[in-house]
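> Have a look; sequence and predicted model below, questions after that.
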Amino acid sequence: MLPGSIQMSGETLSGAEVKGVCEGLTEGTVRLLSLRGCLLSDRDFARLCQGVAQSPSLVQLNLNLGVVSSASRVQQLAQSLHKNRSLQSLFLHGNPLTDTGLALLNPALAGHPSLVSLDLGDCLLGDEGISLICSLLPPDGAKPADGSTGWKKRVGGQAPPHYNVRKRAYAGLRELTLSANPAITCTGWARLAVAVAHSSQVRTLNLDYNPLGDHIASMLAVCVASSRTLEILDLEGTGLSNLSAQILLDMIQNYPTPLRNLVLSENNISVELQQQIADLLSEGEDEDESEGPGQDPPIREKGLKSNLGPGPHRVLLTSGLGDSLLAETEM
């Protein structure tokens, strides 16, 4: 049987259902697992984590909206990620991790050999959490910290505090979502902007529904201008005005960047400025489309915790998924 998907939303899972999911994971028949907003006992969550640890096929794991609801569950998830080697995308949007929970999870995230997409939106993170996230964005040119890296020349042989010096080949995240984490301060966002500017991998950065304001947006403009990989930046509902929009427009006009999608909706920005930015970006987008069609990005939670809808929904074991990052479909 080809690896397929198990998708459920807003359900209360029985022990028998969790057992079936775990069997699919350990047998390598599940490539996408989405339990968005589902309820399950602590015992069944532990069993689920064991299945994730043993899965040779799981590529995308969605535990959005309160599934990882306690420190013990965070620890169990971390243990499973230490053993898993296949996962590429992890969605934890709307879980009360806080900086403390992220500290428990971070070593497993930093040491995972395949993880490239991470959603930590609405997870009650602060500046300490941002420092941990920066460890997942190794500076440009970073290599396994085995004594042969560029750190020796840069900082006298000492790795920066946020860098995990464990021996590993890790390229860093390509997609990062930090929507709706209002406790992060200007200092935290500045630290993230520097990390993204020097990251060799980040292509998508979602910061929607954070109270950024024009000052932080200006720092992000410098970040975009410096990055050689950032293609998508979501600043929806972040308290921006024409001031920051004009800075972003000037940046796009005068500095060549890979940026092709800049989301500025639900901000106090004139329609004229938004249209000018959209027109400039669409010129580059037209060139990309002429080279061939791309793949649709995964659907993600936007802003604050989403409504699960009128009732539970599920899709079980549908096969034929591609080899790239999987596009999640909420039914």
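Received it, and whenever you're ready, just let me know what you need. Numbering: from 1, shown residues only.
> The closest residue in space to A197 that isn't next to it in sequence: how many residues sit nearby?
Counting by Cβ to Cβ, 6 or more residues apart in numbering, A197 lies nearest to S226, which is 3.9 Å off, once chain neighbours are set aside. Where C-beta positions appear, they are placed from N, C-alpha and C, glycine not excepted. By other Cβ atoms under 10 Å, the residues close to S226 number 17.
> Could you pull out the strands in the chain for me?
4-9, 30-36, 60-62, 89-91, 117-119, 175-177, 204-206, 232-234, 261-263, 313-319 (DSSP state E).
> In CSV: the ones you listed, plus mean neighbour count, mean pLDDT and distance to S244.
Below are those laid out as CSV (neighbours: other Cβ atoms under 10 Å; pLDDT from 0 to 100; distance: least, Cβ to Cβ, whole Å):
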stretch, mean neighbour count, mean pLDDT, distance to S244
strand 4-9, 21, 94, 36
strand 30-36, 24, 97, 33
strand 60-62, 25, 98, 32
strand 89-91, 23, 98, 29
strand 117-119, 23, 97, 25
strand 175-177, 25, 97, 21
strand 204-206, 23, 97, 16
strand 232-234, 21, 97, 12
strand 261-263, 17, 96, 11
strand 313-319, 14, 42, 39
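> For my notes, please list these in JSON lines and give distance to Q253 for each entry.
What follows is the strands of the chain, written out as JSON lines (distance: least, Cβ to Cβ, whole Å):
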{"stretch": "strand 4-9", "distance to Q253": "43"}
{"stretch": "strand 30-36", "distance to Q253": "40"}
{"stretch": "strand 60-62", "distance to Q253": "37"}
{"stretch": "strand 89-91", "distance to Q253": "34"}
{"stretch": "strand 117-119", "distance to Q253": "30"}
{"stretch": "strand 175-177", "distance to Q253": "26"}
{"stretch": "strand 204-206", "distance to Q253": "21"}
{"stretch": "strand 232-234", "distance to Q253": "16"}
{"stretch": "strand 261-263", "distance to Q253": "13"}
{"stretch": "strand 313-319", "distance to Q253": "44"}
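> Without its sequence neighbours, what residue ends up closest to Q253?
Counting by Cβ to Cβ, 6+ apart, the residue nearest Q253 is L280, at 6.5 Å.
> Relative to G121, how far out is A71?
Distance, A71 to G121, using Cβ to Cβ, to the nearest Å: 20 Å.
> Settle it for me: which of those two has more neighbours?
G121 (29 against 14).
> Could you tell me which residues make contact with the closest residue to the more buried one other than its chain neighbours?
Ranked by Cβ to Cβ, 6+ apart and with sequence neighbours excluded, the top spatial neighbour of G121 is S179, at 3.5 Å. Residues near S179 by Cβ atoms under 8 Å, 6 or more residues apart in numbering: 93, 121-122, 206-210, 234, 301-303.
> How many residues are close by I133?
Neighbour count of I133, defined by other Cβ under 10 Å: 25.
> Look at Y255 and report its pLDDT.
Y255 is assigned 88 on the pLDDT scale.
> show me the residues around the closest residue to it other than its chain neighbours that make contact.
Distances taken as Cβ to Cβ, 6+ apart put A225 closest to Y255, at 4.5 Å, once the chain neighbours are dropped. Listed by Cβ under 8 Å, 6+ apart, the contact set of A225 reads 251, 255, 257.
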